[in-house]
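A.B. asks: Return atomic coordinates for the entry below.
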Amino acid sequence: MVALGGGHGLAATLRAACRYAGDITAIVSVADDGGSSGRLRDALGLPAPGDLRRCLMALSDEASVWARALDHRFSAGELDGHSLGNLVIAGLTATTGDFGAALDEMGRLLGAVGRVLPATVGPVVLKADAAGGEVEGQVAIEQVGRIAGVSLIPPDAPAPPAAIEAILAADQIVLGPGSLFTSVLAAALVPELRAALAATRAHRVYVCNLRAHEPETAGYDVAGHVDSLMAHGIDPDVVVYDPAAIPVGELDLPAVAAAVTSDDGTGHDPARLAEVLKNLVG
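C.D. replies: Below is the predicted model of the structure:
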């Protein structure tokens, strides 16, 4: 099973995957330019580590001492705002000389049950065609109005060979949930990954968000999300959505309506999502 996206949504998918999949690979956007990730990008030229760290945590025992320590965020001094895990990834990258190897080492430290890969081998900048014109940078894009489309700078950013291989070898690929433009498409738009998604024989599942992300997808129903994916050359085989959380609209592909929202209503419930995704494995 391969999961693509970024942020907290992909972590929920990975926690679900741990309940049914024997081989898990996460391919994660590295376009984030805010917070601790943005500071490390600027200082060291690294791909953004924050979402990768979250995914490694989702594949490990989050109650362990190492997991809790690496998720710690400093709140004073020169380290204010930095996550220890982000700093460890930066240190491992300097030690090994390779960002991907650093993620593998952190995965071993945490006992992660799957592999986490960056969507690109180097940093990228997300660019949006928005109502007010072109906007660059994920943080800036999250603040603009309606978005017509997104792209990457550089447009030919290479993907790790292991990510391409994982997509082509997968039985199931899950896109999302997560911010449509700044998480899901920020990962899937990498040219080599988009080509692999088109060529794979795997069943491609899009897990739709539970609600619109203001202002990024204000007014979107499920069909609006899918239309945007397809406009960017991403064609899922089926979409999963919670009918109690978001209207469906007029879809032109198979859909699974399921109660996958957590009891507190803040996100997807991994156990409920796992049951749906497991039943979709071909």
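A.B. asks: And the strands in the chain, which stretches?
C.D. replies: 2-5, 25-28, 115-118, 125-130, 133-136, 147-153, 172-175, 203-207, 238-241, 255-257 (DSSP state E).
A.B. asks: pLDDT on the third one, on average?
C.D. replies: For strand 115-118, mean pLDDT is 97.
A.B. asks: which helices and strands does it pack with?
C.D. replies: strand 25-28, helix 50-58, helix 99-110, helix 161-169 (3 or more C-beta pairs under 8 Å, 6 or more residues apart in numbering; DSSP states H and E). All C-beta spots, glycine's among them, are computed from the backbone N, C-alpha and C.
A.B. asks: from the chain's centre, how far out does the third one sit?
C.D. replies: Just to be clear, that refers to helix 99-110. 18 Å (C-alpha atoms, centre = their mean, to the nearest Å).
A.B. asks: now swap in the last one and tell me
C.D. replies: Relative to its parent chain, helix 161-169 has a centroid offset of 16 Å by C-alpha atoms, centre = their mean.
A.B. asks: for the shortest one, same thing?
C.D. replies: A distance of 7 Å separates the C-alpha centroid of strand 25-28 from that of its chain, computed with C-alpha atoms, centre = their mean.
A.B. asks: List the neighbouring strands of that strand plus their orientation.
C.D. replies: strand 2-5 (parallel), strand 115-118 (parallel) (DSSP bridges).
A.B. asks: got those as TSV, with distance to residue 185 and mean neighbour count columns?
C.D. replies: Formatted as TSV, these follow (distance: least, C-beta to C-beta, whole Å; neighbours: other C-beta atoms under 10 Å):
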stretch	distance to residue 185	mean neighbour count
strand 2-5	9	32
strand 115-118	16	25
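A.B. asks: what about residue 22, how many neighbours?
C.D. replies: Residues contacting residue 22 under the criterion other C-beta atoms under 10 Å number 9.
A.B. asks: returning to that earlier point: out of the strands of the chain, indicate the one that is most buried.
C.D. replies: Of all those, strand 2-5 carries the top mean neighbour count, a mean of 32, counting by mean count of other C-beta atoms under 10 Å.
A.B. asks: what about the strands of the chain, which gets the closest to residue 231?
C.D. replies: Of all these, the one in closest proximity to residue 231, counting by C-beta to C-beta, is strand 147-153 (6.7 Å).
A.B. asks: Output that closest one in CSV with nothing but the alpha carbons.
C.D. replies: Output of strand 147-153 as CSV, limited to C-alpha atoms (Å, rounded to 0.1, in the frame of the first residue of the first chain):
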residue,chain,number,x,y,z
ILE,A,147,-7.4,28.5,-6.4
ALA,A,148,-7.6,27.6,-10.1
GLY,A,149,-4.5,25.3,-10.1
VAL,A,150,-1.1,24.6,-8.7
SER,A,151,2.3,23.7,-10.0
LEU,A,152,5.8,23.1,-8.7
ILE,A,153,9.1,25.1,-9.1
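A.B. asks: helices or strands next to it in the packing?
C.D. replies: Against strand 147-153 (3+ C-beta pairs under 8 Å, 6+ apart) you get strand 125-130, helix 185-188.
A.B. asks: Which of the helices and strands packed on strand 115-118 sits closest to residue 175?
C.D. replies: strand 25-28 (10.0 Å).
A.B. asks: Report the rounded mean pLDDT for that closest one.
C.D. replies: The average pLDDT within strand 25-28 is 98.
A.B. asks: what does stretch 211-228 give?
C.D. replies: Rounded mean pLDDT across stretch 211-228 is 90.
A.B. asks: residues in contact with that stretch?
C.D. replies: Here stretch 211-228 makes contact (C-beta atoms under 8 Å, 6 or more residues apart in numbering) with 141-147, 149, 179-182, 185, 206, 208-209, 236, 239, 241, 245-253, 255.
A.B. asks: Likewise for stretch 6-14?
C.D. replies: 3-5, 24, 26, 28-29, 31-32, 51, 54-55, 57-59, 114, 174, 176-179, 182-184, 186-187, 207, 209, 267-270, 273, 277.
A.B. asks: Recalculate using a threshold of 7 Å.
C.D. replies: Stretch 6-14 is touched from outside by 3, 24, 26, 28-29, 51, 54-55, 58-59, 114, 174, 176-179, 183, 186-187, 207, 267-268, 270, 273, with contacts defined as C-beta atoms under 7 Å, 6 or more residues apart in numbering.
A.B. asks: Can I get that stretch in PDB? Just the C-alpha atoms.
C.D. replies: The C-alpha coordinates for stretch 6-14 follow below in PDB (Å, rounded to 0.1, in the frame of the first residue of the first chain):
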ATOM      1  CA  GLY A   6       1.100  15.500   3.500                       C
ATOM      2  CA  GLY A   7       0.200  17.000   6.900                       C
ATOM      3  CA  HIS A   8      -2.000  15.500   9.500                       C
ATOM      4  CA  GLY A   9      -4.400  13.800   7.000                       C
ATOM      5  CA  LEU A  10      -1.800  11.500   5.600                       C
ATOM      6  CA  ALA A  11      -0.900  10.400   9.100                       C
ATOM      7  CA  ALA A  12      -4.500   9.200   9.600                       C
ATOM      8  CA  THR A  13      -4.300   7.100   6.400                       C
ATOM      9  CA  LEU A  14      -1.000   5.600   7.600                       C
END
